[in-house]
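In: okay, predicted coordinates and the sequence, questions at the end:
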Amino acid sequence: MDWMEQERERGITITSAATTAAWTRSGKKYRVNIIDTPGHVDFTVEVERSLRVLDGTVALFDAVAGVQPQSETVWRQADKYRVPRIAFVNKMDRVGADFDYCIRSMRQRLGAHPVPVQYPLGKEDSFIGVIDFIEQKVIVWLEETLGAKFEVFEVEKLWDKTFLASRADVAAALKASAIDKPFYEEHRNKVVEYVAEHDDAVLEKFLSEHTLTPEELRASIRRSTIALKITPVLAGSAFKNKGIQPLLDAVVDFLPSPLEVPPVEGTNPENEEAALRRASDEQPFSALAFKIMSDPFVGQVTYIRVYSGVLKAGSYVYNSTKRTRERIGRLLQMHANKREEIDAVYAGDIAACVGLKSVTTGDTLCDESKPIILEAIDFPAPVISVAIEPKTKADQDKLGTALQKLAQEDPTFRVHTDPDTGQTLISGMGELHLEIIVDRMMREFNVQASVGRPQVAYRETIRKKAEAEGKYIRQTGGRGQYGHCRIEVHPLPSSDHEDMHEMSTDELDALAKQIAGRGGKWRFDKEHRLLFIDKIIGGSIPREFVPPIEAGIREAMARRLRDGGYRCRARGRQLPRSGQLGNGVQDCRLDGVQRGVRKGLADASRARHEGGSRYTRRVYAPGVRRPECAALADSGHGKPRGEQRDPRRGAACGDVRLCH
Ligand SMILES: Nc1nc2c(ncn2[C@@H]2O[C@H](COP(=O)(O)OP(=O)(O)OP(=O)(O)O)[C@@H](O)[C@H]2O)c(=O)[nH]1
Ligand SMILES: [Mg+2]
């Protein structure tokens, strides 16, 4: 399915590709929608969007390497979207292939609960097939048919000396894997026991009879896989087409059908209430646009996953995220880069639409009379940047269009202008990512450009709690300015959540409630990882002081923690204001608050040095180093000087907390 020139040249997958396959299992026909994703972490966006819309995953592992760093990243992404998975240990033919090691590394490095439903028969050169623990049968692929044909026989034959004498390949495979009858029985028993332990529906029967039928085992494995309790593991060699048919059977047997998954949740944009859509053609139409591609022949192609209802080509659809109505020109069934025109799409389908103009990745398309907004897709922020310059004047014009189109396709690719140098900077997830973008720009858009050296900046975070207090008092004739805040900076309870992106709304809510106490309000800014909590209750401090506090914190977060910490840019610069207030007196107060916040942050930052700060993930653009902080503002207050003298209200203006 790797069709892009760059994919073929480099032998890696860069873009996710969709296709659909027909598979017959036990005489019944099934349709399987498949999305192949890249594994390289630079193209993580492709994994993220695919996992958002898929109902099940086949995780591929290398039989020699076991769990690789990229396997871990992808596994965690699947955890985040709670996607049931089965694992396929591939490359059993490679020198050094070790199925048991692979299973162990899944357990240790992923914290997974792998259940081998097969055991490879032979390894490296002698790998010929698998032993199926469920049916207790052996499957051996016929090499000369390139894996299209295979023979199946009872496992008992493996212990039959006459049979082995006539089958040198089977005898060699048994020897290479050191499989004998006790080994087989011990392994199979363990598997059956493990499956039973995870499923109350069969546990009782297993405890009384010590056995389960293949049907019971399959049904039980299916239940536990869908409940994310276990991961069935299969083995094979894709290269030699060995192990593929049982893998497709396992997809049908153990992974949920789109019609079986729980109803998708969303919100009704009209009243902000939670809304549900069952996977049924009778329900109102709802779909998520998860990928946009610009195609030189047909223009913009939008990939959608249909959650409910039916959509016909030529009809109108409502983009509830953007509140626009658009006509679907054509509907396509994609097979990597080949397409087949279809008349309609139904619940559970993955297809592509031509003709949508305003849609961007993550938008919901739905029935206008029954609107719903589905949860959008989270994308990580870019980590590396390079400066890019067109070679000629003609290239200059084309460059902008090309970059804009590429950015539309890829939410982890951004373009911006360096405010200091005026250079165009492109940012992405890694060197390879940007290299491919530049390569595509030259080939697809015919733009000649030169690029600078990649620059990586670091994100900082804090490790210890620190406190500080800041006041800003200025009396320059006329009205005075006054701001006062106390700041507490402390790390977020992130041991379980290295990434705040992974905190669910419920967890954030619980955390915010714990800090804010009763009646507190909170906002979480995912991109800047700022959790801002407004603890003001009962109007003790006027509402208009809250936005400037948040603005002050944001501004402070955009600076470095180390090397002097937050410095207030006191000279000459117009301070950001809440924008809602036209009243001069209040504006002046707001400035006071903001300055107080900054002063407090500067002090807090200094205090933080004593506690130590640490660099974490590489992130963002050259020269711009962003402290990775989340801030919690309990309250903040500022008053013109005159008012401040009121002893009842005093100087104490609440506190602002920053935490990570
Ligand atoms: N020996 C052996 N090599 C294999 C097998 N399957 C794939 N390969 C080789 O492994 C390399 C990578 O294969 P791909 O299918 O591109 O792997 P991938 O996981 O899709 O890689 P990305 O999409 O780039 O992450 C190729 O050189 C394949 O020939 C196998 O079963 N045995
Ligand atoms: Mg690939």
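Out: Sure, I can see it. Ligands and ions are numbered 1, 2, ... in the order given.
In: stretch 221-235: which residues count as buried?
Out: 221-226, 229-235 (16 or more other CB atoms under 10 Å). For the C-beta atoms, the positions are set from N, CA and C on the backbone; glycine is no exception.
In: quick one: is it near ligand 1?
Out: No. Stretch 221-235 stays clear of ligand 1 (CB under 6 Å from any ligand atom), getting no nearer than 10.3 Å.
In: now do the SS call for the residue in the stretch 151-300 of the chain positioned nearest to ligand 1.
Out: Distances between the stretch 151-300 of the chain and ligand 1 by CB to the nearest ligand atom are smallest at Phe239, namely 3.1 Å. Classification of Phe239 using DSSP: H, G, I helix; E, B strand; the rest coil returns helix.
In: distance-wise, check it relative to Ile328.
Out: Remark: distance between Phe239 and Ile328 (CB to CB, to the nearest Å) = 40 Å.
In: which residues of the chain lie near ligand 1?
Out: Contact residues (CB under 6 Å from any ligand atom) of the chain with ligand 1: 11-13, 38-40, 60, 90-91, 93-94, 237-239.
In: so which of those residues are in strands?
Out: Per DSSP state E, strands hold the following members of these: 60, 90.
In: for PyMOL, write a command that selects the buried ones of the residues of the chain next to ligand 1.
Out: Buried members of the residues of the chain next to ligand 1, defined by 16+ other CB under 10 Å, are picked up in PyMOL with:
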select buried, resi 12+13+38+39+40+60+90+91+93+94+237+238
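In: got CSV for the residues of the chain next to ligand 1, with pLDDT and distance to Thr213 too?
Out: Shown next, in CSV, are the residues of the chain next to ligand 1 (pLDDT from 0 to 100; distance: CB to CB, whole Å):
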residue, pLDDT, distance to Thr213
Gly11, 89, 44
Ile12, 90, 44
Thr13, 91, 40
Pro38, 92, 40
Gly39, 88, 37
His40, 89, 43
Leu60, 96, 30
Asn90, 97, 30
Lys91, 96, 33
Asp93, 95, 33
Arg94, 95, 35
Ser237, 95, 30
Ala238, 93, 31
Phe239, 89, 34
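In: out of the residues of the chain next to ligand 1, which is nearest to Phe297?
Out: Phe297 lies nearest to Thr13 out of those, by CB to CB, at 22.6 Å.
In: OK, contacts around the closest residue in space to the closest one that isn't next to it in sequence?
Out: The shortest distance from Thr13 to any non-neighbouring residue, by CB to CB, 6 or more residues apart in numbering, is to Pro38 (3.9 Å). Contact analysis of Pro38 by CB atoms under 8 Å, 6 or more residues apart in numbering lists 12-16, 46-47.
In: next up, phi/psi of Pro38, please.
Out: phi -70, psi 160 (degrees, to the nearest 10).
In: over to Pro246?
Out: Main-chain dihedrals, Pro246, degrees, to the nearest 10: phi -60, psi -30.
In: make 43 the starting number, not 1.
Out: New numbering, starting at 43: the last item is Pro288.
In: give me the number of residues near it?
Out: Residues near Pro288, counting by other CB atoms under 10 Å, number 23.
In: repeat for Glu186
Out: Neighbour number of Glu186 under other CB under 10 Å is 8.
In: in a helix, it, correct?
Out: Yes. Under three-state DSSP, Glu186 falls within a helix.
In: how close does it get to Ala213?
Out: 20 Å.
In: cool, Lys333 as well?
Out: Lys333 is 50 Å from Ala213, by CB to CB.
In: more neighbours: those two, which one.
Out: A side-by-side neighbour count of Lys333 and Ala213, using other CB under 10 Å, places Lys333 first with 28 against 17.
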